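Student: Dropping a prediction and its sequence here:
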Amino acid sequence: GAGVSQTPSNKVTEKGKYVELRCDPISGHTALYWYRQSLGQGPEFLIYFQGTGAADDSGLPNDRFFAVRPEGSVSTLKIQRTERGDSAVYLCASSLLAGDNEQFFGPGTRLTVL
Amino acid sequence: AQSVAQPEDQVNVAEGNPLTVKCTYSVSGNPYLFWYVQYPNRGLQFLLKYITGDNLVKGSYGFEAEFNKSQTSFHLKKPSALVSDSALYFCAVRHYTGGFKTIFGAGTRLFVKA
């Protein structure tokens, strides 16, 4: 079956611009997670959704970052006024439920802020 | 605060020899522990998890991990390494604190020489 997909695979933008990153989870998975991975580091938790609601957004670095999941399936991570330090690979994962379920990861979106 | 430490940036092992990739964690209460693998140009893949029960858990591709509560460790092991096991390995811990935030270690690169 289809796995987690993320679009675009690569995004190059200029400092100060707004970007949206999209995640399509595995069908039927109720939990969805966003991570940021910098070179040489492990994934850094940003936010996770259980259904449509953000169950834990404690990892969002500041108010420039926002994520939505309006219908409990597709999610969009939105970054306003991008900064060079936002450059990273943004990973999305989904799981059947939160808790002890393993997560299935997408291939990521590589964001480069010039 | 939750944390995960992978003390080795890199592990080198000869094909056919046993391998160990180390992981220690710090979390209050009972953790959920996971190992994921990342192959070049591919997304993170789940290997195995410890939730409760037997301290030795078996996972994909012949890998296993041993949970040691007194040492707060969850080392990944394989009795006989293959060249194809060469990849980046991440340990992760999840703990319920009103949500299921997952914390990943920085990763350990495994090189298996023929």
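Tutor: Yes, it's here. Every value quoted in this text rests on a predicted model; they were computed, and no experiment measured them. Numbering: from 1, shown residues only, chains lettered A, B, ... in the order given.

Student: how deep is the residue nearest to A:P8 when sequence neighbours are not counted tucked in, by neighbour count?
Tutor: Distance criterion C-beta to C-beta, 6 or more residues apart in numbering or on different chains; nearest residue to A:P8, sequence neighbours excluded, is A:T109 at 6.0 Å. C-beta here means a position set from N, CA and C on the backbone, and glycine is covered the same way. The local packing count at A:T109 equals 22, with neighbours defined by other C-beta atoms under 10 Å in any protein chain shown.

Student: Okay, and the beta partners of A:T109?
Tutor: With DSSP bridges as the criterion, the beta-bridge partners of A:T109 are A:Y90.

Student: In contact with it, which residues?
Tutor: Counting by C-beta atoms under 8 Å, 6 or more residues apart in numbering or on different chains, A:T109 touches A:Q6, A:T7, A:P8, A:S9, A:N10, A:K11, A:L21, A:V89, A:Y90.

Student: next one: B:Q10
Tutor: Counted by C-beta under 8 Å, 6+ apart, B:Q10 has contacts B:T108, B:R109, B:L110, B:F111.

Student: hmm, which of those residues are the buried ones?
Tutor: Buried members of these, scored by 16 or more other C-beta atoms under 10 Å in any protein chain shown, are B:T108, B:R109, B:L110.

Student: tell me which parts of chain A are close to chain B?
Tutor: In this structure, chain A approaches chain B at residues A:3-4, A:31, A:33, A:35, A:40-45, A:48, A:55-56, A:58-59, A:91, A:93, A:98-100, A:102-108, judged by C-beta under 8 Å from any C-beta of the partner chain.

Student: which parts of stretch B:44-58 are buried?
Tutor: Within stretch B:44-58, the residues that qualify as buried by neighbour count (16+ other C-beta under 10 Å) are B:L44, B:Q45, B:F46, B:L47, B:L48, B:K49, B:Y50, B:V57.

Student: cool, stretch B:7-20 as well?
Tutor: Of the residues in stretch B:7-20, those buried (16+ other C-beta under 10 Å) are B:V11, B:V13, B:L19.

Student: same deal with stretch A:77-95?
Tutor: With burial defined by 16+ other C-beta under 10 Å, the residues of stretch A:77-95 counted as buried are A:77, A:79, A:82, A:86-95.

Student: Can you list which of these are found in strands?
Tutor: When strands are assigned by DSSP state E, the members of the buried residues of stretch A:77-95 inside them are A:L77, A:I79, A:A88, A:V89, A:Y90, A:L91, A:C92, A:A93, A:S94, A:S95.
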